[in-house]
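Enquirer: Need the 3D shape of this:
(one chain, ligands or ions: 1)
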Amino acid sequence: MSDATTLLCPDCGKAIEVLMACGAKSYFCNHCNELKSSKRIQAANPEAFPPKDSE
Ligand SMILES: [Zn+2]
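Expert: Numbering: from 1, shown residues only. Coordinates of the predicted model:
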C-alpha cells in the first residue's frame, strides 16, 4: 500500500495502526502494544494533521 500518511508512534517511532471504532479513530502501536492518545499522535505527526485554517 502506498498510503501517503504513515503515522509514527511518539514513544518508539514505529508505524502506528489506525483503528476505526464508532466513527472515532484509535491509534495502536504494535511495538509498544498499547493505544496512544490522538493528541500525542498529532503532536508526533504534525504533518499528518494540518491545522484547519479556515479563513
Ligand atoms: Zn510505540
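
Enquirer: In this structure Cys29 contacts Asp11, no?
Expert: Yes - between Cys29 and Asp11 there is a contact under CB atoms under 8 Å: 7.0 Å. For glycine as for every other residue, the C-beta is placed from the backbone atoms N, C-alpha and C.

Enquirer: between these two, which one's more packed in?
Expert: Set side by side, Cys29 and Asp11 show more neighbours around Cys29, with 21 against 13, by other CB atoms under 10 Å.

Enquirer: is that one in a bridge, and if so with what?
Expert: Beta bridges link Cys29 to Ile16, Glu34, judged by DSSP bridges.

Enquirer: any idea how far Pro50 is from it?
Expert: According to CB to CB, to the nearest Å, Cys29 and Pro50 sit 23 Å apart.

Enquirer: Lys39 should be in a strand, yeah?
Expert: No - counting by DSSP: H, G, I helix; E, B strand; the rest coil, Lys39 is not part of a strand but helix.

Enquirer: Per-residue pLDDT of it, please?
Expert: pLDDT recorded at Lys39 is 94.

Enquirer: Likewise for Pro51?
Expert: With respect to pLDDT, Pro51 has a value of 80.
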